[in-house]
Every structure is written in structure tokens, then in C-alpha cells.
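Visitor: let's see this in three dimensions:
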Amino acid sequence: QVRLVESGGGLVQAGGSLRLSCAASGRTFSYAGRGWFRQAPGKEREFVAGIRWSGGSTSYADSVKGRFTISRDNAKNTVYLQMNALKPEDTAVYYCAAFSGGSVYRVDNYVRDSWGQGTQVTVSS
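Guide: Numbering: from 1, shown residues only. Below you'll find the model as predicted:
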């Protein structure tokens, strides 16, 4: 089983940047990849970005394309989410999870027990 811990959230002004980290222990780079989701108050959890281990392909939600970048550091068993040009609508709790296969955009394709505790990102206007 893989265990994931997110960090790096915080309060930032609109236009600023943050880098989130998703550190893994256990079956670190097992499964098919890893993804980032976010959930704002009163809203459903939504896909943000994902990375597949095979080939390193990445995927992004349209709302973050061109502003966010997902990457991995094999030596540190960590996946990062670099977030630039942040907007108030990016405010949410950000979660990472292990991706088991199929469409990277679907929350159902992530390992249920792998979700981290989340890290809060707040963007002020």
C-alpha cells in the first residue's frame, strides 16, 4: 500500500506561486501514476493534474493548463505541483492520490486508501 502526504499549501495573493509536494512511502511508485485533485467548500472534488509513470505523460484540467505543472522526483519518491499565476478560484484543499489506470481524469480510477490528508491553498484577491 502507498501512503501519501501533501504539503506546501498556504495563503498567497492572486498572481503568486506555490509548490505543493506529495511525498510517498510504502509502495512508492507502484500503480500507474499519481494525480492532484482539489475540493472547494460546497463543491465536488475535481481533477487538477496527473502524471503517468510509463512515459511520464502529464494531463491537466483546462482551468489550470499553462499555469500549473506536475512533475516527479524519483529519488525523493515525491510528486510536485508547481502553481503559478494563482487565482482566487484556485482556493481549495488540494489532495494527491495514486492512479490505478484508465482515465486519469476520473476520481474513481484512484486508489481509495491512497488519498492524503490534503493541504489548504488560499488565494486572496
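
Visitor: which one is the residue sitting nearest the centre point of the chain nearest to, not counting chain neighbours?
Guide: In the chain, the C-alpha closest to the average C-alpha coordinate belongs to residue 36, at a distance of 2.1 Å (Cα atoms, centre = their mean). Nearest-residue entry for residue 36: residue 48, 4.3 Å, with adjacent residues in sequence omitted and distances by Cβ to Cβ, 6 or more residues apart in numbering. In this view, the C-beta of every residue, glycine as well, is placed from N, C-alpha and C.

Visitor: wait, that neighbour touches residue 39, no?
Guide: No - shown here, residue 48 and residue 39 do not form a contact pair, counting by Cβ atoms under 8 Å, at 10.2 Å.

Visitor: on that earlier part again, neighbours of the residue nearest to residue 36, how many?
Guide: Other residues within reach of residue 48, judged by other Cβ atoms under 10 Å, total 24.

Visitor: go on, residue 104?
Guide: Residue 104 has 21 neighbouring residues, counting by other Cβ under 10 Å.

Visitor: and the gap between the closest residue to it other than its chain neighbours and residue 86?
Guide: Spatial nearest neighbour of residue 104, chain neighbours left out: residue 50 (3.8 Å); criterion: Cβ to Cβ, 6+ apart. In this structure, residue 50 and residue 86 are 20 Å apart, going by Cβ to Cβ, to the nearest Å.
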